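J.: Dropping a prediction and its sequence here:
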Amino acid sequence: MTLLAFDWAFVIEKLIVIAIIVFASLGIALYTTFGERKVAAILQDRPGPNRVGPFGLFQPLADGLKLIMKEEIIPNASSKWLFILGPGLAMTASLMTCAVIPWGTALHLFGRTIELQVADVNIGILYVFAVVSMGVYGIMIGGWASNNKFSLMSALRAASQAISYEIAMGLALIALLMTTGTLSLKTIVADQVAGHYWNVVYQPLGFLIFFICAMAECNRTPFDLPEAENELNFGYHQEYSSMKLGFYLFAEYVNMIMSSAIMASMYFGGYDLPFFDENTVAPNIAAMIGVGTLLIKIVLFIFLFMWIRWTIPRFRYDQLMNLGWKKMIPLALFNMLLTGALILSKL
Amino acid sequence: MQALTNKSIAVNRSPMTFWERLYLINIIKGMFITFSHMFKKQPTISYPEQKREFSPVFRGLHVLNRDEEGRENCTACGLCAVACPAEAITMEAAERQEGEEHLYKEEKYAAKYEINMLRCIFCGLCEEACPKDAIYLSETFAPANYTRKGFIYDKNDLLIPNTLTNASALAKAKGVEA
């Protein structure tokens, strides 16, 4: 009879929240690809995709349909299971991050309090870190299983890039954790809502380091060496076709959304709408306003990512390593020491 | 060695200053440049809906002309074929029979007149060579086709509609082509 003692409504509630968050992330990612092309076009004095549907709004659907309908090719010389596992792993890892992001405060529906967060893990940031570093396995496995020298080269690049920049990212985070004193993303956001300033005010250098490292982790220009078209053909997804390729491309955009959400939550107050008192409206409406605020912040970050992508060229590989090891890590260490000294002086 | 012009500018090879080496400021400068392009006028012409105006001297697809009575001007003299540097024009001449005076202007006419638009370089030499005002280059271009054969334009494709019997078709053709 232990089964009956289980809170089934809780399970259903969580499953619904998970389904909504995953599908919303995928939907946003779908339209991020469209946004990417539009932003690129507008920054280059072009109109961008405008043929499919009004203002070209159905373009991502057409792209998705095209990817699904295409022939699926698995090279003979590849290791088949790993070849299939690669894109799946990349996608899973990028979607798993959304579990700990607090999308808003709680909703009160049907006499229940529904938290707008899949799991409030007390090691939230550590979890994000673990999952993000798992993402590189998708690229590594895909690049290696393709049995193609260019793919392998790109996988090696991706792995070394991810490792180099994760260190600086982690050090920047430690400084943040020293000021907040908690690893739980929910508490971090709640503190920012309650406090006067967002964390970016206390940690400007830390945010800059984190932002640059997040860009490197997402393989975005100027850190898109793993898929450098002109030297590695197409990088790790060279041998991929059909929806497997789609998964890789998609995972990049989901990653972008997730790192934007993480940055918004950790440094820019998450679902906190500035100069607005949440207590003046009904709690459910306040929660929805919070979700909207977080989404706007995510969109702004994504725009920033794209804006940078279409402005500056790619780093050379030695420049990438120089920046990662000789600039970012010492800078992050300095930031950590500075934060520690300031905290100590205040005690 | 003395420089040939005074236009060359020496490359600045002085070592980068601290702010330049920081790279961030230059990135932000570059980002403002790209941002300013968001508000610039786009030079794009959305083709099927909007069309770029051709200049009046544009040399496009050929037309075979008629006179004011609607008779074909061409006498199949072959001067255009001779003038053609790409050898795109072929024709066969025929003699005008009794009762065909309303169709052809002179005693000889082109029974077959073909221009291969894949060979044609649209130089307009045929237009210049023609002594009878029969061939002109219009202001449109050859539309895409699925086969090579489709680009060999015969008399039906080239001849303009008859002014007298089919005035509306001519007006329509002019409206589309002009």
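T.: Received it, and whenever you're ready, just let me know what you need.
J.: Pick out the residue closest to the middle of chain B.
T.: Residue closest to the mean C-alpha point of chain B, counted by CA atoms, centre = their mean, is B:Gly60 at 2.9 Å.
J.: Tell me if I'm right that it and B:Tyr136 touch.
T.: No: B:Gly60 lies out of contact with B:Tyr136 (CB atoms under 8 Å); the separation is 9.9 Å. Placement of C-beta: from N, CA and C, glycine included.
J.: Please list the residues of chain B that sit near chain A.
T.: Taking CB under 8 Å from any CB of the partner chain, the part of chain B that reaches chain A is made up of B:27, B:30-31, B:33-35, B:37-38, B:40-44, B:46.
J.: In ChimeraX, select just the buried ones from these.
T.: Buried residues within these, by 16 or more other CB atoms under 10 Å in any protein chain shown, are selected in ChimeraX with:
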select /B:31,34
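J.: now the residues of chain B next to chain A as TSV including secondary structure and distance to A:Met140?
T.: Listed next are these as TSV, based on DSSP: H, G, I helix; E, B strand; the rest coil; distance: CB to CB, whole Å:
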residue	secondary structure	distance to A:Met140
B:Ile27	helix	29
B:Gly30	helix	32
B:Met31	helix	32
B:Ile33	helix	37
B:Thr34	helix	33
B:Phe35	helix	36
B:His37	helix	37
B:Met38	helix	38
B:Lys40	coil	42
B:Lys41	coil	46
B:Gln42	coil	41
B:Pro43	coil	44
B:Thr44	coil	41
B:Ser46	coil	44
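J.: Buried residues, the longest strand seen in chain B. List them.
T.: Ranked by number of residues, the top strand in chain B under DSSP state E is strand B:108-116. Using 16+ other CB under 10 Å as the test for burial, strand B:108-116 gives B:109-110, B:113-116.
J.: Neighbouring strands of it in the sheet, and parallel or not?
T.: strand B:89-95 (antiparallel), strand B:152-153 (antiparallel) (DSSP bridges).
J.: Contacts made by that strand with the rest, please.
T.: Strand B:108-116 is contacted from outside by B:62, B:64, B:72, B:74-77, B:88-96, B:103, B:151-155, B:158, using CB atoms under 8 Å, 6 or more residues apart in numbering or on different chains.
J.: How far off centre is that strand?
T.: 21 Å (CA atoms, centre = their mean, to the nearest Å).
J.: immediately after it, which helix or strand?
T.: Counting by DSSP states H and E, the next helix or strand C-terminal to strand B:108-116 is helix B:125-129.
J.: For the following helix or strand past that following helix, which residues meet the burial criterion?
T.: Later in the chain than helix B:125-129, the nearest helix or strand by DSSP H and E is strand B:135-137. Buried residues in strand B:135-137, defined by neighbour count with 16+ other CB under 10 Å: B:135-137.
J.: Out of those, which is nearest to chain A?
T.: B:Leu137 (32.0 Å; CB to the nearest CB).
J.: any chance of the residues of chain B next to chain A in JSON lines, with pLDDT too?
T.: Formatted as JSON lines, these follow (pLDDT from 0 to 100):
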{"residue": "B:Ile27", "pLDDT": "86"}
{"residue": "B:Gly30", "pLDDT": "88"}
{"residue": "B:Met31", "pLDDT": "89"}
{"residue": "B:Ile33", "pLDDT": "89"}
{"residue": "B:Thr34", "pLDDT": "89"}
{"residue": "B:Phe35", "pLDDT": "89"}
{"residue": "B:His37", "pLDDT": "87"}
{"residue": "B:Met38", "pLDDT": "85"}
{"residue": "B:Lys40", "pLDDT": "85"}
{"residue": "B:Lys41", "pLDDT": "85"}
{"residue": "B:Gln42", "pLDDT": "84"}
{"residue": "B:Pro43", "pLDDT": "86"}
{"residue": "B:Thr44", "pLDDT": "86"}
{"residue": "B:Ser46", "pLDDT": "84"}
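J.: quick one: the residue nearest to the centre of chain B from chain A, how far?
T.: From B:Gly60 across to chain A, the span is 26 Å (CB to the nearest CB, to the nearest Å).
J.: Roughly how far does that residue sit from B:Pro85?
T.: B:Gly60 is 18 Å from B:Pro85, where distance means CB to CB, to the nearest Å.
J.: Quick check: mean pLDDT of the longest helix along chain A?
T.: Using DSSP state H, we find that the single longest helix of chain A is helix A:8-43. For helix A:8-43, the mean pLDDT works out to 86.
J.: Mind giving me the packing neighbours of that helix?
T.: On a contact count with 3 or more CB pairs under 8 Å, 6 or more residues apart in numbering or on different chains; DSSP states H and E, helix A:8-43 meets helix A:59-69, helix A:80-96, strand A:112-115, helix A:242-267, helix A:283-309.
J.: chain center to it, what's the gap?
T.: On CA atoms, centre = their mean, the centre of helix A:8-43 falls 12 Å from that of its chain.
J.: just the angle between it and helix A:59-69, please?
T.: 110 degrees (axes from the mean of the first three to the mean of the last three CA atoms, to 10 degrees).
J.: could you give the angle of helix A:8-43 to helix A:80-96?
T.: Helix A:8-43 runs at 90 degrees relative to helix A:80-96, counting by the same axes, to 10 degrees.
J.: Can you tell me which residues in chain A are near chain B?
T.: Counting by CB under 8 Å from any CB, chain A comes close to chain B at A:42-47, A:50, A:307-308, A:310-312.
J.: just the buried members of these?
T.: Among those, those classed as buried by 16+ other CB under 10 Å are A:42-43, A:46, A:50, A:307-308, A:310-312.
J.: Tell me which two in these are the farthest apart.
T.: Using CB to CB, the pair of those lying farthest apart is A:Asn50 and A:Ile312, separated by 26.5 Å.
J.: for chain B, what are the low-confidence residue spans?
T.: Applying pLDDT under 70 to chain B picks out residues B:163-178.
J.: run the last query once more with 80
T.: B:1-4, B:20-22, B:48, B:140-142, B:161-178 (pLDDT under 80).
J.: Could you do chain A as well?
T.: In chain A, residues with pLDDT under 80: A:1-10, A:104-121, A:195-196, A:219-221, A:224-236, A:270, A:272-283, A:346-347.
J.: please redo it, this time with the cut-off set to 50
T.: Per-residue confidence for chain A (pLDDT under 50) gives these ranges: A:1.
J.: Spatially, which two of the residues of chain A next to chain B are the most separated?
T.: Taking CB to CB, no two of the residues of chain A next to chain B sit farther apart than A:Asn50 and A:Ile312, at 26.5 Å.
J.: and B:Ala86, what is it in contact with?
T.: Listed by CB under 8 Å, 6+ apart, the contact set of B:Ala86 reads B:119-121, B:123.
J.: Please identify which pair of these lies farthest apart.
T.: So, the contacts of B:Ala86 by CB to CB: farthest apart are B:Arg119 and B:Cys123, at 11.5 Å.
J.: how close does A:Glu217 sit to chain B?
T.: The span separating A:Glu217 from chain B equals 18 Å under the rule CB to the nearest CB.
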